[in-house]
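S.K.: let's see this in three dimensions:
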Amino acid sequence: MPVKLRLTRQGRKRKPYYHIVVADSRAPRDGRYIERIGMYNPNTNPATIELDFDRAFDWLQNGAQPTETCRAILSYKGVLMKKHLFDGVKKGAFTEEEAEKRFQAWMKEKESKIQSKIEKLEKSKESDAKQRFEAETKVREAREQELAKKIADAAKAKREANEEATEDSEEVAEEPAAKSEETVSEPEAVAEAEPAPEVKEEPIVEEPEAKVAEEDKAEESEEKKEEAE
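M.R.: Residues are numbered from 1 along each chain as shown. Sure, this is the predicted structure:
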């Protein structure tokens, strides 16, 4: 039967990972499989790949055909490179020891490339984190300066309001004193400005007793005249 090396989907929605399996080409993608030989997780950077190297190599030697994605994974891990070298051994191009030596050199170079990529990613992460920290620090300092400015402005406005209130109270306290001085000085000024009223001499009126005495004398004289008659 035709056998394939392919992936079966696992994981939750939008966070998938895959099993690398050996399955019948007629079976559904996530159906039954013959053997599981590894795991592939594309959610990490670089992608996480776990592979049973020897079993994958054996299945390739026995004629299993990898899918496109699975072929890229096998190439990345060096399985296809080893198959290519051992095909050269079968053809008599070089010995098995030479093939193994070439494969180890290739794997060493591949691992150094992978390690340099990992270090580069770590450095880029550190630089990004540093840049974010500096940007956050600048934003925080700007906010602190703005807050300090607001506090200083509020304190200044409060101080000015207190000074204005103090000045108003002093003016109010000075006004009654000025008014009292004006009220005291005004009568004196009026007294000085207005002359003293002139005293007019009234004619001497005779007392009523003298008039009564004269009337009594006149009556007595009339009575005497009547008696004489």
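
S.K.: going by C-alpha atoms from here, please, whenever you check contacts or count neighbours.
M.R.: OK.

S.K.: show me what the host helix or strand of Ser112 is packed up against.
M.R.: Using DSSP states H and E, Ser112 sits in helix 96-193. Counting by 3 or more C-alpha pairs under 8 Å, 6 or more residues apart in numbering; DSSP states H and E, the packing neighbours recorded for helix 96-193 are helix 79-91.

S.K.: which ones are touching the closest residue to Phe103 other than its chain neighbours?
M.R.: Distances taken as C-alpha to C-alpha, 6 or more residues apart in numbering place Lys82 nearest to Phe103, at 6.2 Å, with adjacent residues excluded. By C-alpha atoms under 8 Å, 6 or more residues apart in numbering, the contact set of Lys82 is 57, 99, 103.

S.K.: closest to Ala72 among the residues you listed?
M.R.: Phe57 (14.2 Å; C-alpha to C-alpha).

S.K.: can you report how many residues neighbour that closest one?
M.R.: By other C-alpha atoms under 10 Å, the residues close to Phe57 number 17.

S.K.: one more: Arg32?
M.R.: Other residues near Arg32 come to 13 when the count uses other C-alpha under 10 Å.

S.K.: for it, which three-state class applies?
M.R.: Arg32 carries the three-state label coil when classified by DSSP: H, G, I helix; E, B strand; the rest coil.

S.K.: which stretch of helix or strand covers the residue lying closest to it once chain neighbours are set aside?
M.R.: Closest residue to Arg32 apart from its sequence neighbours, by C-alpha to C-alpha, 6+ apart: Ala23 at 7.1 Å. With secondary structure defined by DSSP H and E, Ala23 is part of strand 15-24.

S.K.: partner strands of that strand and their direction?
M.R.: With DSSP bridges as the test, strand 15-24 is paired with strand 3-12 (antiparallel), strand 35-41 (antiparallel).
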